[in-house]
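Trainee: Here is my input; please provide its structure:
(chains A and B)
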Amino acid sequence: MDRATLRATLLDLMQQETWESFEGVSDDVNLRTGLKLDSVDLLSMALHAERKLGISIQSQDFANVNTLGDLLDMLGAKLASQPQARAA
Amino acid sequence: MTNPHIHSKAADKLCAVHLRGWGYARLTMAEITGLRRRIPTWAVPGTPGHFFKYADEQTILAVQALDHLLERQGEELGDRSRFAVITAPQFLGRIAGVSTFGRFQRGGAPSVSPHIIPQHSLHSVSGAISVLLGCRGPNVGVGGGPGTLDNALLTATTLFAGSETTSAWLICTGWDPEPLIDPAGNFTNEPICQAFALAVSVQAAATERGTLQLHLPDRGKACVSATTPAMTIAQVVAELQTVESRQVPASLRWQTNWGATVDLKIAPHVAARLQAA
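Mentor: Residues are numbered from 1 along each chain as shown, chains lettered A, B, ... in the order given. Okay, the predicted model is just below:
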């Protein structure tokens, strides 16, 4: 899955989770202060992402995730390290 | 609870608070669903639009009852963020619990929403109110079961002893009738969620709207009785509706299941506005 597709998939999950429209949002927006996602929102999204992307996400994976771009980087690395993963 | 004045006249004074305002709400499930995207105007700036997406229905009712209070008395109450928050939900999380257990049985832990813990636990309602108001005082959920109203009033009349906090939002919520849910998760009745909100303070004010007093039982006479007739949240809501519609004061008195007597005196709001029930 390329980054653009991953980005679209992630934004779709976020919109379902928050009812907000993220059209035009940039990668450097902060997840907490910019998108108003709290820790439980992020955990819930991680569970959705695991099912959607067929990957396993651990809590420590979020250690350096502050922005949307950081989240995309983390998910992209997870997908790349699990070539058997399938998109649901 | 230990208090050196608990069996004296001083105790009665200690266990009395002033009502600075009140509000209530009664809503069906369909009406609650329609409110999930509505953030109250008094919420702190920056409150996310999805704040109520996973909230328990009783949280939404608590907010509606508080909204009813604030729209009429809000200006007279001063800095709202200095209030403590006491909420008393009754059987919170039953509805969400049904689908959660079903999902868990079918798909294990990963299929369960993590929102079940922060949104459907005893302290969820008080936490949500505290966040919405930006409160810096304590917030606590009390009761949770059949005696939740008595637990709430006991907390509201004793919270202030030895505390810097002088005012609190006291909000009681519950269903009447309770929702009946079939195995598929559908309602087989038409439950009504009810809530009332009181602004209570140890400080008297010119805009007082009543009093709440707890008369403690004499030493040795305290009792625990499951047969004592209990006041319900729905009965209090009905009384508040009557006070509002008829513009006459009301006085409620009942005995708790541990022997204390509760006196709740309610005065009408000036120029009260009728709210559709």
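Trainee: hey, where'd the strands end up in the stretch 151-277 of chain B?
Mentor: Counting by DSSP state E, counting those that start in this stretch, the stretch 151-277 of chain B has strands at residues B:167-175, B:192-201, B:210-215, B:250-255, B:261-266.
Trainee: and of the ones you listed, who's closest to B:Gly74?
Mentor: strand B:192-201 (9.1 Å; Cβ to Cβ). In short, each C-beta sits where N, CA and C put it, glycine included.
Trainee: Can I get the strands of the stretch 151-277 of chain B in TSV including mean pLDDT and distance to chain A?
Mentor: As requested, the strands of the stretch 151-277 of chain B are exported to TSV (pLDDT from 0 to 100; distance: least, Cβ to the nearest Cβ, whole Å):
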stretch	mean pLDDT	distance to chain A
strand B:167-175	97	22
strand B:192-201	97	22
strand B:210-215	92	35
strand B:250-255	92	39
strand B:261-266	93	37
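Trainee: would you list these in TSV and tack on mean neighbour count and distance to A:Trp19?
Mentor: Below are the strands of the stretch 151-277 of chain B laid out as TSV (neighbours: other Cβ atoms under 10 Å in any protein chain shown; distance: least, Cβ to Cβ, whole Å):
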stretch	mean neighbour count	distance to A:Trp19
strand B:167-175	27	24
strand B:192-201	26	22
strand B:210-215	20	39
strand B:250-255	15	41
strand B:261-266	18	38
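Trainee: Quick one: these as TSV, columns for distance to B:Gly21 too.
Mentor: Converted to TSV, the strands of the stretch 151-277 of chain B look like this (distance: least, Cβ to Cβ, whole Å):
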stretch	distance to B:Gly21
strand B:167-175	10
strand B:192-201	4
strand B:210-215	9
strand B:250-255	15
strand B:261-266	11
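Trainee: quick one: B:Gly97 is in a helix?
Mentor: Yes. B:Gly97: assigned to a helix according to DSSP: H, G, I helix; E, B strand; the rest coil.
Trainee: Out of the strands of the stretch 151-277 of chain B, which gets nearest to B:Gln64?
Mentor: The nearest among these, by Cβ to Cβ, is strand B:192-201 at 6.7 Å.
Trainee: Show me where chain A has its helices.
Mentor: In chain A, the helices defined using DSSP state H lie at A:3-18, A:39-53, A:68-81.
Trainee: Could you name the helices and strands sitting against the second one?
Mentor: Applying 3 or more Cβ pairs under 8 Å, 6 or more residues apart in numbering or on different chains; DSSP states H and E, one finds that helix A:39-53 contacts helix A:3-18, helix A:68-81.
Trainee: Could you dump those into JSON lines and include mean pLDDT, mean neighbour count and distance to A:Val29?
Mentor: What follows is those, written out as JSON lines (pLDDT from 0 to 100; neighbours: other Cβ atoms under 10 Å in any protein chain shown; distance: least, Cβ to Cβ, whole Å):
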{"stretch": "helix A:3-18", "mean pLDDT": "94", "mean neighbour count": "16", "distance to A:Val29": "11"}
{"stretch": "helix A:68-81", "mean pLDDT": "95", "mean neighbour count": "17", "distance to A:Val29": "5"}
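Trainee: Of all those helices, which one comes closest to A:Asp27?
Mentor: Closest among the helices and strands packed on helix A:39-53, using Cβ to Cβ: helix A:68-81, at 3.3 Å.
Trainee: how about the residues of chain A near chain B?
Mentor: Within reach of chain B by Cβ under 8 Å from any Cβ of the partner chain, chain A has these residues: A:17-20, A:36-37, A:40-41, A:43-44, A:47, A:50-51.
Trainee: Of the residues you listed, which pair is most distant in space?
Mentor: So, those by Cβ to Cβ: farthest apart are A:Lys36 and A:Arg51, at 23.5 Å.
Trainee: okay, these two: which has more neighbours?
Mentor: Taking other Cβ atoms under 10 Å in any protein chain shown, A:Lys36 and A:Arg51 do not tie; A:Lys36 has more neighbours (17 against 13).
Trainee: which non-adjacent residue is nearest that one?
Mentor: B:Pro48 (3.8 Å; Cβ to Cβ, 6 or more residues apart in numbering or on different chains).
Trainee: which ones are touching the closest residue to B:Leu264 other than its chain neighbours?
Mentor: Among residues not flanking B:Leu264 along the chain, B:Leu252 sits closest, at 4.4 Å (Cβ to Cβ, 6+ apart). Contact analysis of B:Leu252 by Cβ atoms under 8 Å, 6 or more residues apart in numbering or on different chains lists B:231, B:235-236, B:239, B:262-266.
Trainee: Closest one to B:Thr188 out of those residues, please.
Mentor: B:Gln235 (24.6 Å).
Trainee: Model confidence for that closest one, exactly?
Mentor: Looking at B:Gln235, its pLDDT is 95.
Trainee: The residue of the stretch 101-250 of chain B found nearest chain A and A:Ser59, how far apart?
Mentor: With Cβ to the nearest Cβ, the shortest gap between the stretch 101-250 of chain B and chain A falls at B:Pro114, namely 4.6 Å. Distance, B:Pro114 to A:Ser59, using Cβ to Cβ, to the nearest Å: 12 Å.
Trainee: cool, A:Gln16 as well?
Mentor: Per Cβ to Cβ, A:Gln16 is found 22 Å from A:Ser59.
Trainee: ditto for A:Gln82
Mentor: 18 Å.
Trainee: Now do the same for residue 41: its pLDDT.
Mentor: All of this is about chain A. 92.
Trainee: was after chain B, sorry
Mentor: 96.
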